[in-house]
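# Just need the structure, nothing else, for what follows:
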Amino acid sequence: MRRKHRNSGATSKISLEDEIAHLRGLDLNGLRARWQSVFQKSAPAHLPRHLLFAILAYQLQAERFGDLDHETRQMLDRTAANETGAAISIRLMNLDQKRTELTPGTVLVREWDRRSQRVMVMADGFAWNGQTYDSLSKVAFAITGTKWNGPRFFGLRDKKPKDEASIAEARS
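Got it, this is the predicted structure:
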């Protein structure tokens with residue numbers, strides 16, 4: 001998810017919930033005025049109040065917390081209206097599998113033997129308990145004493161991606 005923060009000092013002091021509650025109370029003209037201030041252009045004349053509200057609320061959240069990344073937008077754009085729920089689920093799982101790349105500074109947390117284990121992703125490996133390891137599997141071994149798939153141990157992967165048939169079977 002991309003991060004994009006607003007530079008406006010006045011609105012950053014107001015909580016997002018309060019901003020959205022304020023939007024909810026605006027009439028059509030008020031929403032059009034707010035649209036002008038957010039998007040720097042007039043609101044489309046054909047949009048009804050509920051759509052103006054929804055789009056503005058989404059935009060405010062995207063500005064505060066980050067919008068969808070490019071890859072997710074592409075996947076949503078390619079999703080055909082006639083695609084089954086199972087096919088969409090598979091596509092989303094595949095997209096999720098690609099997102100297991102970890103950036104330095106990320107902290108992975110896993111409870112093991114009633115203790116919280118924290119692993120810091122470093123540029124050259126993974127730091128745990130004062131040592132640096134070159135793989136998550138080696139960290140998992142150091143924690144448990146048994147061989148593990150490191151990404152699976154830290155919840156970054158499912159056991160096996162399900163195929164379309166097993167997803168469809170589960171829904172029936």
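# Tell me which residues of the lengthiest helix in the chain come out buried.
With secondary structure taken from DSSP state H, the chain has its longest helix at helix 49-65. Across helix 49-65, burial judged by 16 or more other Cβ atoms under 10 Å covers 52-53, 55-56, 60, 63-64. Every C-beta, even on glycine, is put in place using the N, C-alpha and C of the backbone.
# these two touch, right, Val109 and Gln117?
Yes - applying Cβ atoms under 8 Å, one finds Val109 in contact with Gln117, separated by 7.0 Å.
# now the longest strand that the chain contains, how far from the centre of its chain.
For the chain, the longest strand by residue count, based on DSSP state E, is strand 115-122. Strand 115-122 sits 21 Å away from the centroid of its parent chain (Cα atoms, centre = their mean, to the nearest Å).
# hmm, who's touching it?
102-111, 126-128, 132, 136, 139, 143, 154 (Cβ atoms under 8 Å, 6 or more residues apart in numbering).
# Show me how the record splits this protein into domains.
If you go by automatic domain parsing, the domain ranges for the chain are 9-65, 70-99+161-171, 107-153.
# need the least confident one among those domains, by mean pLDDT.
Lowest mean pLDDT within the domains of the chain: domain 70-99+161-171, at a mean of 64.
# and the longest helix of the chain, C-alpha only, in CSV?
Provided in CSV are the C-alpha atoms of helix 49-65 (Å, rounded to 0.1, in the frame of the first residue of the first chain):
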residue,chain,number,x,y,z
ARG,A,49,-25.2,12.7,-3.0
HIS,A,50,-24.5,9.2,-1.8
LEU,A,51,-21.8,8.7,-4.5
LEU,A,52,-20.2,12.1,-3.8
PHE,A,53,-20.0,11.1,-0.1
ALA,A,54,-18.6,7.7,-0.8
ILE,A,55,-15.9,9.0,-3.2
LEU,A,56,-14.9,11.8,-0.8
ALA,A,57,-14.7,9.4,2.2
TYR,A,58,-12.6,7.0,0.2
GLN,A,59,-10.2,9.8,-0.9
LEU,A,60,-9.8,11.1,2.6
GLN,A,61,-8.9,7.6,3.8
ALA,A,62,-6.5,7.1,0.9
GLU,A,63,-4.8,10.4,1.7
ARG,A,64,-4.4,9.5,5.4
PHE,A,65,-3.5,5.8,5.1
